[in-house]
Every structure is written in structure tokens, then in C-alpha cells.
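**Student:** predicted model and sequence follow; I will ask about them next.
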Amino acid sequence: MRFFEIANHHSVAPTKPQTPAQARIRSLQQQKDSVNRALQIERKRQRIARAQQSLAQANKLMAT
């Protein structure tokens, strides 16, 4: 493709305003996604904390 073909190509179509019902659904979906990400992060954090605790315990046993 040439530059003018790319420059004049609109890949993103303008969106219409959402109805209140659609906006509510979108908002709830975004909240759900956010909560899912927070849950995954917390599970990873707890997994790391448990691993660090078991390493510390193993190091303590090896030292004695």
C-alpha cells in the first residue's frame, strides 16, 4: 500500500452513543473484568507469600 492509501483509510468506525441500558451493561462488564484481574493478582500474591514462607522455613531447617 502507498502512504495516501493508508493515510485516508479509516479503520475505526465512529460509534453511536450508547443507550442507558447498554452503558450499564458495559459498565458492569468492565467492573467484572477489573475484579477478575484483582482476584488473579491477589492469588498470585498469596502464592508467592506461601512460597517465600516455605523457603524461609527450609533455610531455617538447613541452618540448624
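**Tutor:** Structure's in. What do you need? Treat the numbers as computed from the prediction; the structure is a model and nothing was measured.
**Student:** show me the helices in the protein, by range?
**Tutor:** Listed in chain order, the helices of the chain (DSSP state H) span 3-7, 20-63.
**Student:** least confident of those, on average?
**Tutor:** Of all those, helix 3-7 carries the lowest average pLDDT, namely a mean of 68.
**Student:** can I get the helices of the chain in CSV with distance to Pro14 and mean neighbour count?
**Tutor:** Every C-beta, even on glycine, is put in place using the N, C-alpha and C of the backbone. Below are the helices of the chain laid out as CSV (distance: least, Cβ to Cβ, whole Å; neighbours: other Cβ atoms under 10 Å):
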stretch, distance to Pro14, mean neighbour count
helix 3-7, 18, 8
helix 20-63, 16, 10
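**Student:** next, give phi and psi for Thr15.
**Tutor:** With angles defined as degrees, to the nearest 10, Thr15 sits at phi -100, psi 150.
**Student:** how close does it get to Arg2?
**Tutor:** 29 Å (Cβ to Cβ, to the nearest Å).
**Student:** ditto for Arg24
**Tutor:** If you measure Arg24 against Arg2 using Cβ to Cβ, the figure is 44 Å.
**Student:** center of the protein - which residue?
**Tutor:** Taking Cα atoms, centre = their mean, the centroid of the chain lies closest to Arg37, which sits 4.6 Å from it.
**Student:** ok, Pro17 - contacts?
**Tutor:** Going by Cβ atoms under 8 Å, 6 or more residues apart in numbering, Pro17 touches no other residue.
**Student:** let me fix that: Pro14
**Tutor:** No residues are in contact with Pro14 under the rule Cβ under 8 Å, 6+ apart.
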